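Undergrad: With the sequence up front, the predicted model follows.
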Amino acid sequence: MESFVHVVILSMLVTTAIAIVRVKDLFAVTMLAGIYGLLSASFFVLMDAHDVAFTEAAVGAGISTLLILTTLSMTGRFEKASVKPQADYRPLLALALVTVTGALLIYGTQDMPGFGTADAPVQTHVVPRYLNDSATEIGIPNVVASILASYRGYDTFGEVVVIFTAGIGVLAMMMSKASSTPVVQTSLMSDHVVLRIVSKMLIPLIMLFALYVQFHGEYGPGGGFQAGVIFASAFILYAMLFGLTEARKVVNNTLVQLLSALGVLLYGSVGVVAMINGGSFLDYDFLSADPVAGQMLGILLVELGVGITVASVMIIIFFTFTARSQKAGESD
Amino acid sequence: MSIVATYLSWALLVLGGLLCISGSVGLLRFPDFFTRMHAASVTDTLATGMILAGLMLQAPTWIVFGKLIMILVFVLLTGPTAGHALAKAALHSGLTPLLPGKSGVLDVDNKPSGGM
Amino acid sequence: MFTAVTIAVLVAMALALFRAYAGPTLYDRILAVNVFGTKTVLLIAIVGFLMGRPEFLDIAMVYALMNFITVIGILRFFEYSTPDKSANSETVKDQ
């Protein structure tokens, strides 16, 4: 029964992927990508991976769709039709190359241990130590959070810096000097009274939910990444319904850039404080007198840094894309 | 008392499931966008309310009960709003509803103009 | 009992997916995706109860939120983009 459901969902994933490649209307492709993210989240839920399903539902099916839609408003909506192919267009050679490489890869997987066997390296190397000792060494119930933030805190630091770098990249490419002149935007949504009132009721609740997810990440699915995305989506909803100028009054450029750097700084400072207290970088045992309390304090601060950076980078990306697309729309 | 709650919750769940299916069948078979929107959003919200109420009666702890109430309030707020926004956007972009013709009979074959 | 409701919700989702594929106008497809999303929230909640692990409710809440914001985003996209900007002389509208 279970493998039947797995086969059904995986085949739906394959058909969605094929449809994404074949369809030329980019808006429909965005919808299909959202459905792909949703199917992936369901697949993760079926495989009992709740944190990953949570992140996939928030990021892959939610924020990604919004950001791709904002990108589409700057580029065209339809793909260019493939006109007459160039002189050296050799599809059969490319197909043969891809088939041979794929066959070699599949042949190489025959040597790997089976899926889920007890003596696979992923089950025997460090994982038993994490699973057995996480409750006594770190003291939080959610093992995923303890591995992410404490045992593998260095890798998570790299992830946060990657997200920060993505924000910087978007700013470097797309921030224009003309953002100093305020764009008086005739808000097309000004007659959507119902939407505005309902959103005014919902936005505080969304932010509260984001804070809940942030701090509950040690006891259930959640954590810094998901909470940052949900927090940013509240601001994105406000910006979509009330216009970009109103939203900029709440979070202006300086504040959000400062916050994105502050998150990374917080994460790094926790590591440096641990070094000052006598341990190595990001060794939370040395953050307080009791090692378990130090671990919990370290995880709390580190997840907070992650949440702050992710939220502000998502807001930066969305606001920059929207400002640019409005400028492009006006200059036409 | 708990037996009453269990039977009531099963009845609510079954009713919610039936509403789900009937809403989706309406989504398939109705002739026009606005009629489909009516079928979809009304039955959607009501079915969600019933299924979540049925789950609430079987909730093991108070936290689960509270979370179900939060999801219910959220869906009750955003379901009709999304339907309203969608219908308004469709109307503004030129989609006209299918109305009865001069003879008073609904002309199903005459597709509405506009839209994309 | 939970399995019966799960099957009902899955059938409703499949029907909505069919409408998403076959809707003549664009707004039919948006409506179908919205319905699909709401049914997914229900499915996650019911499957969570079926498996005896109510932590799924957080995921259901997040997905309800993302569904709403995505529909609003789509509608805003269609309000702001003019139809001429998307059709160059070289594009082909085929689906």
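TA: Cool, the structure landed. Predicted, not measured: the structure shown is a model, and the values here were computed from it. Residues are numbered from 1 along each chain as shown, chains lettered A, B, ... in the order given.

Undergrad: The helix or strand where residue A:34 lies: which residues count as buried?
TA: Element membership for residue A:34, per DSSP states H and E: helix A:26-46. By neighbour count on 16 or more other CB atoms under 10 Å in any protein chain shown, the buried set for helix A:26-46 is A:26-45. All C-beta atoms are positioned from the backbone trio N, CA, C, and that covers glycine.

Undergrad: That helix and chain B, any residue contact?
TA: No. Using CB under 8 Å from any CB of the partner chain, helix A:26-46 never reaches chain B; the gap is at least 9.5 Å.

Undergrad: Show me what the helix or strand following that helix is packed against.
TA: Downstream of helix A:26-46, the next assigned helix or strand under DSSP H and E is helix A:50-55. Counting contacts by 3 or more CB pairs under 8 Å, 6 or more residues apart in numbering or on different chains; DSSP states H and E, helix A:50-55 packs against helix A:26-46, helix A:224-242, helix C:56-80.

Undergrad: Distance to residue B:14 and mean pLDDT added to those, as CSV?
TA: As requested, these are exported to CSV (distance: least, CB to CB, whole Å; pLDDT from 0 to 100):
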stretch, distance to residue B:14, mean pLDDT
helix A:26-46, 24, 84
helix A:224-242, 33, 90
helix C:56-80, 20, 85
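
Undergrad: for those, which one sits closest to residue C:11?
TA: Within the helices and strands packed on helix A:50-55, the stretch nearest residue C:11 is helix A:26-46; the backing value is 16.0 Å (CB to CB).

Undergrad: by contact count, what packs against that closest one?
TA: Helix A:26-46 sits against helix A:2-22, helix A:50-55, helix A:64-72, helix C:26-50, helix C:56-80, with contacts defined as 3+ CB pairs under 8 Å, 6+ apart.

Undergrad: Tell me how many other residues surround residue 94.
TA: Just so you know, I chose chain A. Neighbourhood size, residue A:94 [other CB atoms under 10 Å in any protein chain shown]: 10.

Undergrad: that answer is for a different chain, and I need it for chain B
TA: 11.

Undergrad: And for residue A:271?
TA: By other CB under 10 Å, the residues close to residue A:271 number 20.

Undergrad: contacting residues around it?
TA: Contacts for residue A:271 (CB atoms under 8 Å, 6 or more residues apart in numbering or on different chains) come out as A:153, A:157, A:281-282.

Undergrad: Nearest to residue B:81 among those residues?
TA: Ranked by distance to residue B:81 (CB to CB), the contacts of residue A:271 are led by residue A:157 at 40.3 Å.

Undergrad: Touching, the closest one and residue A:282? I think so.
TA: Yes. Under the criterion of CB atoms under 8 Å, residue A:157 makes contact with residue A:282 at 7.0 Å.

Undergrad: For chain B, which segments count as helices?
TA: Taking DSSP state H as the criterion, chain B contains helices spanning B:2-29, B:33-56, B:62-92.

Undergrad: Find the nearest non-adjacent residue to residue A:230, please.
TA: Leaving aside its sequence neighbours, residue A:230 sits nearest to residue A:210 (CB to CB, 6 or more residues apart in numbering or on different chains; 4.0 Å).

Undergrad: Just put the helices and strands packed on helix A:26-46 in CSV and tack on mean neighbour count.
TA: Shown next, in CSV, are the helices and strands packed on helix A:26-46 (neighbours: other CB atoms under 10 Å in any protein chain shown):
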stretch, mean neighbour count
helix A:2-22, 12
helix A:50-55, 22
helix A:64-72, 20
helix C:26-50, 24
helix C:56-80, 24
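
Undergrad: possible to save those helices as CSV with distance to residue B:85?
TA: Formatted as CSV, the helices and strands packed on helix A:26-46 follow (distance: least, CB to CB, whole Å):
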stretch, distance to residue B:85
helix A:2-22, 26
helix A:50-55, 27
helix A:64-72, 15
helix C:26-50, 10
helix C:56-80, 5
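
Undergrad: give me the low-pLDDT residue ranges for chain C?
TA: Chain C contains residues with pLDDT under 70 at C:80-95.

Undergrad: list the contacts for whichever residue of it sits closest to chain B?
TA: Proximity to chain B, evaluated over chain C using CB to the nearest CB, is greatest for residue C:8 at 3.3 Å. Counting by CB under 8 Å, 6+ apart, residue C:8 makes contact with B:17-18, B:20-21.

Undergrad: Give me the buried subset of these.
TA: B:17, B:20-21.

Undergrad: export those residues to a markdown table and tack on distance to residue C:73 and pLDDT?
TA: Below are those laid out as a markdown table (distance: CB to CB, whole Å; pLDDT from 0 to 100):
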| residue | distance to residue C:73 | pLDDT |
| --- | --- | --- |
| B:17 | 30 | 91 |
| B:20 | 25 | 91 |
| B:21 | 29 | 92 |
